[in-house]
Structure formats: structure tokens, C-alpha cells
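**Q** Model the following, please.
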Amino acid sequence: MSPAAQDRIRVSLNRILDSRTFANAERMRRLLTFLIEQSLSAPDQSLKEIVIGTELYSTASDFDPRLTSVVRVDATRLRTKLREYYTAEGAADDLIIDLPKGTYTPRFRQAAAQPERPAIGRLTRQETSPVEPSIAVLPFSNLSSSPDDFFSDGLTDEIIHALSSVPGIRVVARTSCFALKHRNADVREIGRTLNVHLVLEGSVRKSEHSLRVTVQLVSTGNGYQIWSRRYDRNIHDVFAVQDEIAREIVRTLRASAIDDRSEEPGGQPASYDAYAWYLRGRYHLNRQTKPSLDRAIECFDQAIGLSPEYAPALSGAAVAWLYLGKFSMARPLEVMPKARDLAGRALRLSSRDAEALSVAACVTAMFDWDWRGAEHMFQQALRIKTDAGFSTHLCTMFTLLPMARFDESLKMLEEARRVDPLSLFVAASRGAVLLMARRPQEAEPEYRRSLELDPDFWRALVGLGRCYEARGMYDDAIACYERARVVSDGVPSSIGALGRAYAITGRRRQAERLLAQLDLAAQCRYVSPYGKVLIYLGLGDDKVFDWLERSCDDRAAWLMYLASDPRFDPLRKDQRFRAILNRLHLPLLDHSTVAASR
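**A** From the prediction side, this is the model:
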């Protein structure tokens, strides 16, 4: 390597070391400097972990990489830091310094020397899908002094939402994009994983009154940057920045014009403070635990108090109340009317709010048992396209599956998977449909797929246990249910599944102990009747009908699947069970009818 080339690399190194990204990362600065200087002084020698450890992390010559992973950990952190730098401050650098996975030898490449790179603002013919352009918006890096990611995550969400409203573009859903957060994956690998042509990545630096957003659009085909932009604005101009980014992408893809959300009366909040509370609400909503949903509602309420006609805050609060009822974290009879009211207020302000329409449809199904009316509302939401993955998934679980329309359910969930390929919820829902359709061998891989994404996803553990039950592997099923009970913090459905398994395997006393546990828990919080229904079902006790009626009175969500759930087959000829199905307006199916629908 020529002296001039070495000087150029050192200039780039100094620029990185002087950046804000590396300002408070002294160990990363030392490691990067050492790696580059070693590479320049001995370009033909590959750097070994033991050499780095001895020079930088040990005062003696006794460094042993078998006993400590400090070098590997810091190398991973350095790769992440470099990615953050080139996404933000270094977006315009002409020389790129990489640290490829599997090596400690830096790689230097010329950013500008890209003969395949298209002109700014337009894709080449090869990079534009002949069928459908596709893009994933990765979570923006938070470079602000505050460690709270709610603002950078919220900005990412809003850009995903804006692009999702554009016809002719497939936008990967939030769940799959955020599954890649903090992973230092190559964009070409991301392209293969999410099946997209483009990736948008960026960073956000926010101070009291100023905002800097840096973004770059990258081709997953060759890893080249198509364009990059930096927006330095007043914090109150965040809405304009979101729109500019979305419009630039649309122009690049030569797609239809993006919707002008400012024309919707409830499209923008009255103040930045209202918007900040809304973003905090979204941040907590996406975590989907009881404490986080309660906190999300508090944040949305703050946003609504400051901006009463801000439709996204109203629909966000509606989703939070819906989830509390749907997942039996609160009594559905009490919380579902709140979800309906908030969704209605949002729709009066913005009739094209697909999220609010979907919430209203869910309440119509789960609370009113009006399956046809709910399906009509879902069809309206799906025509809008925004949040299509959200609406598609809910339409399947709240209207198609309750009516035992299995083939249509699987087709809809396949569409949901197309825009949300890493969603463990979609995989688990496919498993649920296949279980209801008496196809447990096909359901099992779906639940395993969910558990690969999250080994502690309790719904998938319960589903996998049911697959084991169908094969007569009761000990394995019980192990799944016991694990689900632990990781879900005692969700009644996991306790009920375990109690039923105990009962049908002759362990009656253990099943009865679980009934007592549910009674004890009900003294301090709402406990869904579902757990007791399942246990009494396994015990063959007629009390199952009393608890089914109580579940109807509570408007429990799981009742939607009573018509086809195989566990209730022993009750299907009982007139009391048929009366409950009639009350729910669900079809009367027997085992042979369900099997024949495959």
C-alpha cells in the first residue's frame, strides 16, 4: 500500500475518532486505532485474538482467549459503532472502514467508486423489481444524549406507516424490522431474510430545540448506497422531515404519490409535546405486557389531553385497551367498550384510519359476536392498505377462524407473513389455524418457528404442547405447559392447559391444586374463566358449562374458537354446549365436519 493511501486511511481514522459517535467510547477508539495501525504496518499478516488481547487488555503475557471473550465482545461493539457512524456523521465519507465478521483485519473501500451505483434519486432497471418494489425501514439509531429510544423508534414507525399507504410498494411490517434491532447484519443478508430490494437506515440526534436526522437508502443486491440525506431542523419540524423522507423514497421507486396526511383533520397533533407523548405511548404499546399497556394508555391520554383531535393517539389508545381485553389482562366486558369509543372518535376525525377500523371490527366480533359486520369493517381497513399486516392478521383471527374458514385463514396469514416474515405472532397464529383444522403435524413446525424467534413465547409453548398431546406425548406436552406457565407469569390459559393435561392423564389432585391457584389469584386481580373451563373440561366435570356461561358474560376472546377447537369435541353433542354456540352465533360443527373441511 502506498504512503499516500496510508495517509488517506489515517485521515479517515482521525475523522472517526473525532466524531460524536466515538466521543465517549475510549475502548472502541483504542481498538480501532490498534487494528488499523497493525494492518497498515503488516498488511500481509492477519491479526490474532491473542495478540490483540495481550496488547490491549492484559498487563502480562498470560492472556487466554479461552477464558475471556473481551476481544470478541469489543469487536462486535466496534462493528456496531462503525455502522452508526456511517449511518450518521460519516454518511458522506468517501472512504469506508469496515471490520468484517470473522476477522480482526480492517477492510478499506472507496465509497464513491461504484460503477453499478445508480444516479441519485433513481434506481437502475435491475434494482427495480418488475413486479413490486420492496423496502424495510430498520430502527433508527438513537444518537441523542438520552438513552430512551422512544423518539428514534417512533420516527421509524411513522416512516413505515407513511410508506405503507403508498400503492405499489411492499413495506416490511414493524415487527420484522425491529427484530433486527441491535444486530450488526449486512444489508445483503437483511435483504435475503426479509425478501426486500431496499433498506432504509438512519440515525436521530435530538437536543432541546434541534433535530438532526440522517438517512441512507441502500440496495440489498450489492450493498451500495443509493442516496443519503441529512436533515437539520427545529424539533417542531419533525413531521416535515418524515414526509420528506417518505416522498424521496417514493420518487426513487417511481411509485404513486404518497398520501398527504396533513389534509386529514386528525393527521397531525396540535403541538410537539402531544406528539412526544404519542411516541412514548407507541413505544410502550409495542411491548404488549400488562404494565407496558397501562403505561401506553397513560401516555396516549396525555397526548389526547394536549391535542384532543389527534386521531393516531386515539387509535393507539384503542389498540391498548383492545389488547388488555383480548389477552385477558383485564375484564373484556369493561375494557372493550373503551376500545370501541376511542376507535369511533378516531374514525370521526380520520375515516381512513385502518388501525381504528380494525379495532372497531375486533370489538364488533369479540363483544357483539357480529361476525359478518366485523368482516365488513376489516374489508374496509384492508382496502386502505396502511397497516395491512395488522389488519390482515386480526381479520383472520377475529372473523375467518371463528367461522372455521381454515383455507381462507391460512391464505390471509400467508399474506401477513409476506409483509411481516419474522413475526412470531403470525407463525403462532398459523399454528392455531392448523390445530383447529385437525392438522397438528403441520402446526408443529409453525410453533417451532415462533420459538426460534423467541424461546419464551408462551402462546407458542402452549401450541407446541397441544401438538404433542395430539401425538399422545403427554409428558412432553406437560413440560411445554409448565414452561409456558413460568414465562407467562401464570396466564390462566397456560394454567388451564396444564391442568387439563394433568386431568386427562389421571393426575386429578394436581389439576385440582391448579383450580385452587386460580381462585387465589382471582382475589387480587382479574383472572379469565378460561383456565377453569379447560381444567373442568379435562376432569369431565359439568361445572365446565357454568364457567363457559361466565366466559360469555365476560366476553372472553378465546370463545371465538369454540366452534372448532378439538379439545371441546367431547361436548359437541351436548345441548348445553350447542346452546352456548348459538348464543355466540358460531357454527355448529362436529368432528367429521371439521375434518372434511381440510
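**Q** what about residue 1, neighbour count?
**A** 11 (other CB atoms under 10 Å). All C-beta spots, glycine's among them, are computed from the backbone N, C-alpha and C.
**Q** pLDDT score for it?
**A** According to the predicted model, the pLDDT of residue 1 comes to 74.
**Q** Distance of the closest residue in space to it that isn't next to it in sequence relative to residue 9?
**A** Take residue 1 and drop its neighbours on the chain: the residue closest to it by CB to CB, 6 or more residues apart in numbering is residue 43, 6.0 Å away. Distance of residue 43 to residue 9, computed by CB to CB, to the nearest Å: 11 Å.
**Q** Of those two, which one has the most company?
**A** A direct count of neighbours by other CB under 10 Å for residue 43 and residue 9 places residue 9 higher, at 19 against 10.
**Q** Quick check: phi and psi on the more buried one?
**A** phi -60, psi -40 (degrees, to the nearest 10).
**Q** ditto for residue 482
**A** The phi and psi torsions at residue 482 (degrees, to the nearest 10) take the values phi -60, psi -40.
**Q** which residue packs closest to it, ignoring adjacent ones?
**A** When the adjacent residues along the chain are set aside, residue 482 lies closest to residue 498, with 6.2 Å between them (CB to CB, 6+ apart).
**Q** Next: residue 172.
**A** Closest residue to residue 172 apart from its sequence neighbours, by CB to CB, 6+ apart: residue 136 at 4.1 Å.
**Q** contacting residues for the one you found?
**A** By CB atoms under 8 Å, 6 or more residues apart in numbering, the residues touching residue 136 are 171, 172, 176, 177, 190, 194, 196, 198, 199, 200.
**Q** can you rerun that using 7 Å?
**A** Under the criterion of CB atoms under 7 Å, 6 or more residues apart in numbering, the neighbours of residue 136 are 172, 177, 190, 194, 196, 199.
**Q** where along the stretch 451-598 of the chain do the helices fall?
**A** Applying DSSP state H, counting those that start in this stretch to the stretch 451-598 of the chain gives helices spanning 458-470, 474-487, 492-504, 508-521, 530-539, 543-554, 575-583, 591-596.
**Q** I'd like these laid out as JSON lines, including distance to residue 368 and mean neighbour count.
**A** JSON lines is the format used below for these (distance: least, CB to CB, whole Å; neighbours: other CB atoms under 10 Å):
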{"stretch": "helix 458-470", "distance to residue 368": "25", "mean neighbour count": "24"}
{"stretch": "helix 474-487", "distance to residue 368": "31", "mean neighbour count": "19"}
{"stretch": "helix 492-504", "distance to residue 368": "23", "mean neighbour count": "26"}
{"stretch": "helix 508-521", "distance to residue 368": "28", "mean neighbour count": "15"}
{"stretch": "helix 530-539", "distance to residue 368": "20", "mean neighbour count": "25"}
{"stretch": "helix 543-554", "distance to residue 368": "13", "mean neighbour count": "18"}
{"stretch": "helix 575-583", "distance to residue 368": "12", "mean neighbour count": "14"}
{"stretch": "helix 591-596", "distance to residue 368": "25", "mean neighbour count": "13"}
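**Q** returning to what we had before: counting neighbours, which of the contacts of residue 136 comes out on top?
**A** Comparing the contacts of residue 136 by number of neighbours (other CB under 10 Å), residue 172 comes first, having 28 neighbours.
**Q** wait, that one sits on residue 195?
**A** No - contact criterion CB atoms under 7 Å: residue 172 and residue 195 do not qualify, at 8.4 Å.
**Q** Then residue 203 would be within a strand, right?
**A** Yes - under DSSP: H, G, I helix; E, B strand; the rest coil, residue 203 sits within a strand.
**Q** ok, what's across the strand from it?
**A** Counting by DSSP bridges, residue 203 is bridged to residue 141, residue 214.
**Q** ok, it - how many residues close by?
**A** Using other CB under 10 Å, residue 203 has 25 other residues around it.
**Q** got a list of what it touches?
**A** Shown in contact with residue 203 (CB under 7 Å, 6+ apart): 84, 87, 88, 140, 141, 143, 214.
**Q** go again using 10 Å as the cut-off
**A** Contacts for residue 203 (CB atoms under 10 Å, 6 or more residues apart in numbering) come out as 21, 83-89, 91, 140-144, 152, 212-216, 230.
**Q** gap between it and residue 164?
**A** Separation of residue 203 from residue 164 (CB to CB): 22 Å.
**Q** Identify the residue nearest the spatially most central residue of the chain in space, chain neighbours excluded?
**A** For the chain, the residue nearest the mean C-alpha position is residue 175 (2.0 Å; CA atoms, centre = their mean). Closest residue to residue 175 apart from its sequence neighbours, by CB to CB, 6+ apart: residue 423 at 4.5 Å.
**Q** Give the PyMOL command for selecting the buried subset of the contacts of residue 203.
**A** Selection of the buried residues among these in PyMOL, burial being defined by 16 or more other CB atoms under 10 Å:
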select buried, resi 21+83+84+85+86+87+88+89+91+140+141+142+143+144+152+212+213+214+215+216
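**Q** What about the contacts of residue 203, which are in strands?
**A** 141, 142, 212, 213, 214, 215, 216, 230 (DSSP state E).
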